[in-house]
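Visitor: Sequence plus the predicted model coming up.
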Amino acid sequence: MGEIKRMFSAIHGGSLDEPARENDASGALLVQVVEQARGGDSQAFSALFQQYNSQICMYLARLVGNDEVGRDLAQETFLRAWQSLPSIRHDERFSSWLFRIATNTARSHLRHAKRIRWLPWQDQPDGIQSAELDRHLRVEGPETQAGDAEIVQKCLARVSPQCRVCLLLQLVAGFSQREVAETLGISEKSVSANVSRGREQFRREYHRLKGVTA
């Protein structure tokens with residue numbers, strides 16, 4: 001997982017170790033801002049937009065395989081969030097709620113575009129083991145980033161939808177396995193299996209496009 005994270009980080013010029021999370025230090029303030037936004041405070045919602053927009057854009061772009069569409073879907077996500085904010089539960093984490101809206105927005109887009117068939121969430125079989133990613137997945141320097149960005153996009157497009165969602169929620173949103181499960185309404189075992197499968201699918205496709213013998 002570390003090698004894929006470093007690749008994403010290098011390509012996008014930022015750190016994926018700075019997720020939009022409600023830690024203990026900022027949690028109380030975030031809850032206050034969310035409550036203000038729930039009450040119709042547009043400035044409070046603007047603050048939430050500024051905090052989460054870049055991650056939502058990256059997540060959706062990688063999910064649908066197109067940066068421009070990802071930005072458009074991010075705008076739709078925040079519009080839906082603004083309209084639905086009064087219904088968020090007081091005990092619900094805002095980031096999980098927001099990424100769930102983003103995921104559903106992407107599903108609606110992909111269904112409408114008939115570009116992909118979303119399979120229902122199902123518990124995956126046991127016995128899937130996590131393996132070390134090959135050293136060839138590392139981005140070596142700025143000169144390789146443009147080409148690797150395109151390759152990453154192509155590789156992610158070949159990862160099955162349910163695996164891609166789980167993988168991106170861990171890489172882009174920085175969610176734990178439990179948080180991914182809560183966001184998607186599936187079991188932690190399913191998340192673990194989907195992430196493992198997604199990593200392996202990504203690794204195989206990356207090696208194929210790079211001409212690397214696994």
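Guide: Ah, there it is. Numbers count the residues shown, from 1 in each chain.
Visitor: Am I right that Val33 is in contact with Leu48?
Guide: Yes. With contact defined as CB atoms under 8 Å, Val33 reaches Leu48; the gap is 6.2 Å. All C-beta spots, glycine's among them, are computed from the backbone N, C-alpha and C.
Visitor: buried stuff in the host helix or strand of Tyr206?
Guide: In this structure, Tyr206 sits in helix 188-210 according to DSSP states H and E. Applying a neighbour-count criterion of 16 or more other CB atoms under 10 Å, one finds 190-203, 205-207, 209 buried in helix 188-210.
Visitor: how about the CA coordinates for it, as PDB?
Guide: The C-alpha coordinates for helix 188-210 follow below in PDB (Å, rounded to 0.1, in the frame of the first residue of the first chain):
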ATOM      1  CA  GLU A 188     -14.800  -4.700   7.400                       C
ATOM      2  CA  LYS A 189     -14.000  -8.200   6.000                       C
ATOM      3  CA  SER A 190     -15.400  -7.000   2.600                       C
ATOM      4  CA  VAL A 191     -13.300  -3.800   2.800                       C
ATOM      5  CA  SER A 192     -10.100  -5.800   3.500                       C
ATOM      6  CA  ALA A 193     -10.800  -8.200   0.600                       C
ATOM      7  CA  ASN A 194     -11.700  -5.400  -1.800                       C
ATOM      8  CA  VAL A 195      -8.600  -3.400  -0.900                       C
ATOM      9  CA  SER A 196      -6.400  -6.500  -1.300                       C
ATOM     10  CA  ARG A 197      -7.900  -7.400  -4.700                       C
ATOM     11  CA  GLY A 198      -7.700  -3.800  -5.800                       C
ATOM     12  CA  ARG A 199      -4.000  -3.600  -5.000                       C
ATOM     13  CA  GLU A 200      -3.300  -6.800  -6.900                       C
ATOM     14  CA  GLN A 201      -5.400  -5.700  -9.900                       C
ATOM     15  CA  PHE A 202      -3.600  -2.300  -9.900                       C
ATOM     16  CA  ARG A 203      -0.200  -3.900  -9.600                       C
ATOM     17  CA  ARG A 204      -0.800  -6.400 -12.400                       C
ATOM     18  CA  GLU A 205      -2.100  -3.700 -14.800                       C
ATOM     19  CA  TYR A 206       0.800  -1.400 -13.900                       C
ATOM     20  CA  HIS A 207       3.300  -4.100 -14.700                       C
ATOM     21  CA  ARG A 208       1.600  -4.900 -17.900                       C
ATOM     22  CA  LEU A 209       1.600  -1.200 -19.100                       C
ATOM     23  CA  LYS A 210       5.200  -0.800 -18.000                       C
END
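Visitor: where does the chain have low pLDDT?
Guide: Residues of the chain that meet the criterion pLDDT under 70 lie in 1-26, 113-148, 212-214.
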